[in-house]
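>>> Take a look and give me a structure for this.
(chains A and B)
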Number of protein chains: 2
Amino acid sequence: MTAHQRSAALKAGVELGVFDALGEGSLSSAELAGKAGVPERGMRILCDYLAIQGLIAKSEARYAHTATSAAFLDRRSPVSMAPTLPFMMNNKIMTAFRGLTETIRQGRTSLEEPLAGEEAAEWVLFARSMQPMMAAAAEFIAEIVLSGGMPARVLDVAASHGLFGFAVVRRAPACELVVQDFPSVLDVTSENARAAGVPVTLLPGSAFTVELGTGYDVVLVPNFFHHFSVDDNITLMKRFYNAMRPGGRMMILEMVPNEDHLTPPTAASFAMMMLGNTVSGDAYTMAEYGRMLDAANFGQRELMDVPMAPQQLIVATR
Amino acid sequence: MTAHQRSAALKAGVELGVFDALGEGSLSSAELAGKAGVPERGMRILCDYLAIQGLIAKSEARYAHTATSAAFLDRRSPVSMAPTLPFMMNNKIMTAFRGLTETIRQGRTSLEEPLAGEEAAEWVLFARSMQPMMAAAAEFIAEIVLSGGMPARVLDVAASHGLFGFAVVRRAPACELVVQDFPSVLDVTSENARAAGVPVTLLPGSAFTVELGTGYDVVLVPNFFHHFSVDDNITLMKRFYNAMRPGGRMMILEMVPNEDHLTPPTAASFAMMMLGNTVSGDAYTMAEYGRMLDAANFGQRELMDVPMAPQQLIVATR
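Okay, here's the model as predicted:
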């Protein structure tokens, strides 16, 4: 009943710079309050709570990093998850879970503007926030792409921050990278592409309706199918199939729970995120992806673990 | 970042009757959805999520009680916590934690109407909901009261549901029980007193201002001081001291963390509940209670564990 306080405390700790301040050494609640410019009472209660949860350490009235907070919550860490918090805990997502009973009663998100399929401010926030959660997977997928030979033409569906395509082009500089997303999101993709020195071809619009082009060696589909129903996914897969050359490969990065829908817990519990935020999304099992890929006429497919990521990679060949 | 989903799922499970339905045996998600009159998708995702969290069990696509859900979430269980959920997850409390960063910045709850000291609809909800969390402690305290001899006059401060006083009077039928609380709350106390067959004297008003009377053998102060500042508590303790006969005892039921403010975790993390919901409340340690009791002139005091409850009992003698 009080688990929601854990989310609130983590958010407050990030927003008040607690985890960044501790990177300089152990601090008292008065010192932390001084650095944040807030009264001590709230800072003391917050830090004690974070210590009770095991997120930070406390000894002789001074707070310090744990290995976990140093690696994943201090912004100085290259694998810090702190930058993902503005998306992961954005108002829309938090609101969605306040109405969960009603969501279940009506069989779809209680949000008037669900987080799927339509252009929304949250997708710009996603593009600006989620790179830290995707970096390891992007490098892994690029290696798999290159293992099939140097690609000439790659489509990155719902490209967002662009990381997945950029990782391929860094290994295959002659490759044309086509990045599809909503216009407001492609502003971020373009910005990141310029910063990364990667040339991109912009394809603004919805993946359901935009003219995708043809002849792609590889279509990257990272974190996308979970937003939609089985029927919508088959529609999308057919579109991607037709855009690929024969022998081309679709790379699906996804939360793929086992058939028990319980394990592994991070992938399986992602279905709850989709229940809260989408009309008909889900965390589909490999059996379910197999049936969708069959319906879209794909041939060989392979499921592989992605190191350092909760997702798995499905490689499906036209 | 997603811990808030655990609270939302527990709430939805209780509100949709999942834990009551499982009392009749294992059920599929389709059967559970049928009983709740909701579409299957949301029910399936909810039940898988509850199973991932370990709150219920799943085997061969059927869900069943765990020992925990059978004891604490099924309404048929005499120790079910399900009835406390409407208070523990009421809109005001949930709203308070959405603004935690701002709460810490301003050093007090972001609620316009804090949950302390003033008459509020939530206190009526508390009185109607929280008996299951208090029953064991009420019996224990009544035994301690009786161990000091048969009391003639007992004051129950912030009496709420009334359980603490009723437990005394059931053991001491000639005792006059004075129940103090806001008028709207005393409606519930009276109702419960009639149902329990316990005669009560009503004392409507705030514990800070109402005329308390004198000569009490025992003053019960359950779950009250944590709402207020040290100074306010000293004011209250002086009032209670003056209302007691010499040798009379004040029974304080409280979340009392150790001096590290980290252990035991349930008592220590209760400070976060007070940070979210009150202007200046806290989970005070025994050293802090000792200083307040000194300032209010109390003599001997004793701290004891309360079986089956996260609180401790402080007995302070005038």
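>>> going forward, measure contacts and count neighbours with C-alpha atoms only.
Will do.
>>> What are the boundaries of the helices in the stretch 101-250 of chain A?
Per DSSP state H, counting those that start in this stretch, the stretch 101-250 of chain A has helices spanning A:121-129, A:131-147, A:163-171, A:183-196, A:230-243. These are given in chain order.
>>> got these as JSON lines, with mean pLDDT, distance to A:P204 and mean neighbour count columns?
Rendered in JSON lines, the data for the helices of the stretch 101-250 of chain A read as follows (pLDDT from 0 to 100; distance: least, CA to CA, whole Å; neighbours: other CA atoms under 10 Å in any protein chain shown):
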{"stretch": "helix A:121-129", "mean pLDDT": "92", "distance to A:P204": "14", "mean neighbour count": "19"}
{"stretch": "helix A:131-147", "mean pLDDT": "93", "distance to A:P204": "21", "mean neighbour count": "18"}
{"stretch": "helix A:163-171", "mean pLDDT": "98", "distance to A:P204": "16", "mean neighbour count": "22"}
{"stretch": "helix A:183-196", "mean pLDDT": "97", "distance to A:P204": "5", "mean neighbour count": "18"}
{"stretch": "helix A:230-243", "mean pLDDT": "98", "distance to A:P204": "16", "mean neighbour count": "19"}
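>>> Of those, which is nearest B:D305?
Comparing the helices of the stretch 101-250 of chain A by their distance to B:D305 (CA to CA), the top pick is helix A:131-147, with 45.0 Å.
>>> do that closest one and chain B meet at all?
No - counting by CA under 8 Å from any CA of the partner chain, no contacts exist between helix A:131-147 and chain B, the nearest distance being 13.0 Å.
>>> same check, this time on stretch A:15-35
Yes - judged by CA under 8 Å from any CA, stretch A:15-35 comes into contact with chain B at A:15-16.
>>> So which bits of that stretch are buried?
Within stretch A:15-35, the residues scored as buried using 16 or more other CA atoms under 10 Å in any protein chain shown are A:15-23, A:26-30, A:32-33.
>>> Give me the contacts around it.
With contact meaning CA atoms under 8 Å, 6 or more residues apart in numbering or on different chains, stretch A:15-35 is reached by A:13-14, A:36, A:39-40, A:43-44, A:47, A:61-65, A:69-70, A:73-76, B:101.
>>> Repeat the analysis, applying 6 Å as the threshold.
Judged by CA atoms under 6 Å, 6 or more residues apart in numbering or on different chains, the contacts made with stretch A:15-35 from elsewhere in the structure are A:36, A:40, A:43-44, A:62-65, A:73-74.
>>> For chain A, which residues are neighbours of chain B?
Along chain A, the residues adjacent to chain B under the rule CA under 6 Å from any CA of the partner chain are A:1, A:3-4, A:7-8, A:12, A:38-39, A:42, A:49, A:52, A:97, A:101, A:104-105, A:107, A:262, A:269.
>>> Just give me the longest strand of chain A.
Scanning chain A for the longest strand, with DSSP state E as the assignment, gives strand A:244-254.
>>> List the buried residues in the next helix or strand after that one.
Sequence-wise, the next helix or strand downstream of strand A:244-254 (DSSP states H and E) is helix A:265-277. Neighbour counts using 16+ other CA under 10 Å place A:265, A:267-277 of helix A:265-277 among the buried residues.
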